[in-house]
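Chemist: Sequence plus predicted model, see below.
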Amino acid sequence: MAENSFDVVVVGAGPGGYVAAIRSAQLGMKTAVVEREHLGGICLNWGCIPTKALLRSADVFRTMKHASAYGLKVSGAEADLAAIVKRSRGVASQLSAGVKHLLKKNKVTVIDGEGKLAGKGMLAVTKDGVTQTVSAKNIILATGARARTFPGLEPDGKVVVTYKGALTPETMPKKLLVVGSGAIGIEFASFYHALGAQVTVVEVMDRIVPAEDEEISGFLEKSLKKDGLTILTKTSVKGIKVAGGIATCAIDQNGTVSDQQFDRVILAVGIQPNTENLGLEGTAIKTDRGFIQIDDYCATGEPGVYAIGDITPGPWLAHKASHEAILCVEKIAGQHVHPLDRSRIPGCTYCHPQIASVGLTEKKAKDAGYQVKVGRFPFMGNGKAIALGEPEGLVKTIYDAKTGELLGAHMIGAEVTEMIQGFSIAMTLETTEAEIMHTVFPHPTLSEMMHESTLDAFGRAIHF
Amino acid sequence: MAQKILMPALSPTMTEGKLAKWCKKEGDAVAAGEVIAEIETDKATMEFEAADEGVLGKILVPEGTEGVAVNSLIGVLLEEGDDASAIDALVNGGAPAPAAAAPVAAAPAAAAPVAAVAAAAPVAGRVFASPLAKRLAKAADLDLSLIAGSGPRGRIVKADVEKAKVQGGAAKAAAPAAVAPAAAPVAAAPAPAAKPAALKPMPWQSYTEFPNSGMRKTIARRLSESKQTVPHFYLTVDIELDALLALRKQLNERDGATYKLSVNDFVIKACALALKKVPAANAMWTDEAILQFDDVDISIAVATDAGLITPVIRRADQKGLSTLSNEMKDLAKKARDGKLKPEEFQGGGFTISNLGMFGIREFAAIINPPQSCILAVGAGEQRAVVRDGAVAVRTMMSCTLSVDHRSVDGAVGAQFLAALKPLIEDPLQLML
């Protein structure tokens, strides 16, 4: 096989692309990955990972401020923004180097540059104005997505920023406006609030984290308000004018528009796919609002071209991209694979308190015609939560009353993001309430609440 | 009254089949016994006859549909006085009508002694199903062992049960039809359990795909089972053919012969008589007992375009050579045309596989379960042999008997060959 000819070429080295490349190489296919910027993609460099590093600093700081509650004396606790950001960047670059090592270990060829479809089985890769052509039997598009912007709501990179700017602040904002209350917006709101900013969150829907169960949204809103954040729902930002480091924002609350001033605005109003300049024109690839349409095995309309991750329909989550990567590649290699069940993709938000969920919300379950049994268990009733000093939270489970199928689980509170996989496994294995009831949960753990919530759904909770 | 037309179980191993062709259109009048459809079973293409007269009111499963579960609703037969509303009533779960078109060809008790035992539990061992699937199946009164799993390693998941529910009563626990006719000794076919990961060609290998027919899958499953679970041993004997060839020539050249005897016809007859002398080789193994067949029914391996099938010559020991020869020709033709009825290929006690016509000198065949022995017959060829202390040229044929050691020991197998050899070398004995 010629040097620039491959069995599989992946465009984009994010959590979809690099995982696809490694799996492809593992299966014995000659593989290359084309990346224009960072190995690891947004997730690792500008998303999931560096935000977790920032939020960890915020957690430690918050705990220090509450040290006396634990019988500890801490004086002069102070946040050093530059050092916090430096740590976050360090974590990202450490992991990016790790991805480079993994690709090398698996003998994946890494090609620097921007990839573009260039006819059947061909890809043009451009770097610094120089274009080379690579041939591939299979091309996997995994170019991800970027922050969505609207006319009138454009970032200037200093006062008005998207996630990238929010990740690398040079100064602490005093008054911060976060536009959008999805996972990204809420996490930044949580971080900047913990470090001392006065934070306002606006959300166009009638509740924050609108993808979550309504009860969870309500719980979070109450908790954030109690902490001192300003939460404005059914509210939108009509325009932003920046002058002298101050953003004057026209905030429309229920039809009443008022100008409010902030020294920092973070735009977190969704994402848009990176499908421009991919050479999709003239191919049989179909897009819907920019997102590439794929079948159950990530094949596009064009033979030999596949798409995974954020350039395809959602949810737009790193773990969804990685999962698609594996199934796409294994399908290419001729293995028998199971399509991704989108109803079983868990979601995690690392605000304080954390949110984690999988499956249907109570409302969606009812709308789908299920007769449901809903279980709830509060952190207040859990020994470990009390010992941790984390009495705030809820584990909610939704079962089909007829069959005992676990339809959804929704959690808010300390460490719930580490627990949700238990419910994900339960759903994958199609357990009913009986198997969860029969499972011995270790004491004392937060996970006991998963058990208790299930018991509660069937009127059998012990500790509440 | 309108009646349901259900997917027939045309053989005991059949759990699903292909609705190959509708021979009638919607609205066509159908007489009792008239062929309404052709069904491709796991063994052959079968004609499906109407049990009652009427009008084919509705076709619910289009022709060409594969994997139609046994007993699922495929159409509606209207009788005099029925109007179209009767169709809706039936399709949408009206009264549970009796099967309108009874599976006419459903296997009659083929080999009597087998019937008693082959009913052995349809599925042995654990059925892998998710807890939810188990609960749903129980609620819907479905037998999980009759549902094919699509989950990891063939595990039955919710979706499979939902599908089985929609497809109708195929897996109804209460309806034993699918597996009950235990008459034929064809190994009861459990739903494919844990499937190992499929092997695939490497990405650079190009190939043409020939989808497996039901018959091909059955061959694969049964022979894999046999080779893996039956302890085979092999006995080979060289048999002199010259006398048989001379007799054959003489018989075939007789004036007015209404037959053309082949060497294989003589071999069948010789095997039949040898089995009569050594009945212990005409047997099958079960966990409780070894069953020795009363009749000498010999299966003959026939290669067809669709794959290997083994039509049976019943009571071969009691048939004359010409009868036997003509019957064999008839069965072989039916086999090649895919028209064998279940009772014509099920229930033999011993199998002969002959590859002599291809010049194969000798080979060892895989036992055709649940039988205990299969004789692999090689080509007759001139060889140098020693006769009375001198080298002589003789036409020799090597035969290898594959034997199931559970039911037939080495000595019994050897006795059978010892009985067979003189019958062929001195073929006038066959005439007695």
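Modeler: Yep, it's here. Numbers count the residues shown, from 1 in each chain, chains lettered A, B, ... in the order given.

Chemist: measure residue A:271 to chain B for me?
Modeler: 31 Å (Cβ to the nearest Cβ, to the nearest Å). Every C-beta, even on glycine, is put in place using the N, C-alpha and C of the backbone.

Chemist: That residue reaches residue A:149, doesn't it?
Modeler: No: the pair residue A:271 / residue A:149 is not scored as a contact, 10.3 Å apart, by Cβ atoms under 8 Å.

Chemist: pLDDT score for the residue nearest the centre of chain A?
Modeler: Per Cα atoms, centre = their mean, the C-alpha nearest to the average position across chain A is that of residue A:317, at 4.7 Å. Note on residue A:317: pLDDT of 94.

Chemist: Phi, psi for it please.
Modeler: phi -130, psi 140 (degrees, to the nearest 10).

Chemist: so who does it touch?
Modeler: Shown in contact with residue A:317 (Cβ atoms under 8 Å, 6 or more residues apart in numbering or on different chains): A:345, A:347.

Chemist: for residue B:242, same thing?
Modeler: With Cβ under 8 Å, 6+ apart, residue B:242 has these contacts: B:394-395.

Chemist: Outline the domain layout of chain A.
Modeler: A:5-147+A:272-342, A:160-269, A:353-457 (automatic domain parsing).

Chemist: Name the nearest residue to the residue of the stretch 1-150 of chain B found nearest chain A, ignoring sequence neighbours.
Modeler: Chain A sits closest to residue B:130 of the stretch 1-150 of chain B, with a gap of 3.4 Å, by Cβ to the nearest Cβ. Leaving aside its chain neighbours, residue B:130 sits nearest to residue A:430 (3.4 Å; criterion: Cβ to Cβ, 6 or more residues apart in numbering or on different chains).

Chemist: quick one: terminal-to-terminal distance for stretch A:230-246?
Modeler: 19 Å (Cα to Cα, to the nearest Å).

Chemist: lowest confidence element among the helices and strands of chain B?
Modeler: helix B:112-115 (a mean of 32; mean pLDDT, DSSP states H and E).

Chemist: Near chain B, which residues of the stretch 1-150 of chain A are found?
Modeler: Within reach of chain B by Cβ under 8 Å from any Cβ of the partner chain, the stretch 1-150 of chain A has these residues: A:7, A:28-29, A:137.

Chemist: same thing but 6 Å
Modeler: A:7, A:29 (Cβ under 6 Å from any Cβ of the partner chain).

Chemist: Work out the sheet partners of the strand ranked longest in chain A and label each with its direction, please.
Modeler: Determined from DSSP state E, the single longest strand within chain A is strand A:130-141. Strand A:130-141 has the following strand partners under DSSP bridges: strand A:5-11 (parallel), strand A:122-127 (antiparallel), strand A:305-307 (parallel).

Chemist: mind putting those in TSV, mean pLDDT and mean neighbour count included?
Modeler: Below are those laid out as TSV (pLDDT from 0 to 100; neighbours: other Cβ atoms under 10 Å in any protein chain shown):
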stretch	mean pLDDT	mean neighbour count
strand A:5-11	97	27
strand A:122-127	96	18
strand A:305-307	97	28
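
Chemist: would a markdown table of those strands with distance to residue A:21 be doable?
Modeler: As requested, the strands paired with strand A:130-141 are exported to a markdown table (distance: least, Cβ to Cβ, whole Å):
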| stretch | distance to residue A:21 |
| --- | --- |
| strand A:5-11 | 5 |
| strand A:122-127 | 14 |
| strand A:305-307 | 13 |
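
Chemist: For residue A:213, find the nearest of these.
Modeler: Nearest of the strands paired with strand A:130-141 to residue A:213, taken as Cβ to Cβ: strand A:305-307 at 30.3 Å.

Chemist: which residues touch that closest one?
Modeler: A:139-141, A:292, A:294, A:298-300, A:328 (Cβ atoms under 6 Å, 6 or more residues apart in numbering or on different chains).

Chemist: repeat for stretch A:253-271
Modeler: Residues outside stretch A:253-271 that contact it (Cβ under 6 Å, 6+ apart) are A:145, A:148, A:153, A:155, A:160-162, A:166, A:173-180, A:184-185, A:188, A:232, A:234-235, A:246-251, A:316.

Chemist: The residues you listed, buried ones only, as a PyMOL selection?
Modeler: A single PyMOL command selects the buried members of the contacts of stretch A:253-271 (16 or more other Cβ atoms under 10 Å in any protein chain shown):
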select buried, chain A and resi 145+148+153+155+160+161+162+166+173+175+176+177+178+179+180+184+185+188+232+235+247+249+251+316
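
Chemist: Sitting in strands, which of the contacts of stretch A:253-271 do you find?
Modeler: A:145, A:160-161, A:175-179, A:232, A:235, A:246-251.

Chemist: In those, find the pair that's most separated.
Modeler: Taking Cβ to Cβ, no two of those sit farther apart than A:145 and A:246, at 30.3 Å.

Chemist: Residue A:290 touches residue A:274, doesn't it?
Modeler: No: using Cβ atoms under 6 Å, residue A:290 is not in contact with residue A:274, being 8.8 Å away.

Chemist: quick one, which of these two is more surrounded?
Modeler: Counted by other Cβ atoms under 10 Å in any protein chain shown, residue A:290 and residue A:274 do not tie: residue A:274 has more neighbours, with 20 against 15.

Chemist: Tell me who's in contact with the residue nearest to that one when sequence neighbours are not counted.
Modeler: Distances taken as Cβ to Cβ, 6+ apart put residue A:143 closest to residue A:274, at 4.2 Å, once the chain neighbours are dropped. By Cβ under 6 Å, 6+ apart, residue A:143 lies in contact with A:11-12, A:274, A:311.

Chemist: Ok, residue A:299 next?
Modeler: Contacts of residue A:299 (Cβ under 6 Å, 6+ apart): residue A:306.

Chemist: who's in contact with the helix or strand residue A:87 falls within?
Modeler: Assigned by DSSP states H and E, residue A:87 falls within helix A:81-105. With Cβ under 6 Å, 6+ apart as the contact definition, helix A:81-105 has outside contacts at A:18, A:38-40, A:44-45, A:49-50, A:53-54, A:57, A:110, A:168, A:172.

Chemist: Mark which of those are buried, thanks.
Modeler: Judged by 16+ other Cβ under 10 Å, buried ones among those: A:18, A:38-40, A:44-45, A:49-50, A:53-54, A:57, A:110.

Chemist: Report the two of those residues separated the most.
Modeler: Longest span within those, Cβ to Cβ: A:57 and A:110, 31.7 Å.

Chemist: just to revisit the earlier point, could I get the contacts of strand A:305-307 as a markdown table with pLDDT?
Modeler: Shown next, in a markdown table, are those (pLDDT from 0 to 100):
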| residue | pLDDT |
| --- | --- |
| A:139 | 97 |
| A:140 | 98 |
| A:141 | 97 |
| A:292 | 96 |
| A:294 | 96 |
| A:298 | 97 |
| A:299 | 96 |
| A:300 | 96 |
| A:328 | 97 |
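
Chemist: which one of those has the most neighbours?
Modeler: residue A:141 (33 neighbours).

Chemist: Just give the closest residue to that residue, not the sequence neighbours.
Modeler: Per Cβ to Cβ, 6+ apart, closest to residue A:141 is residue A:307, 4.3 Å.
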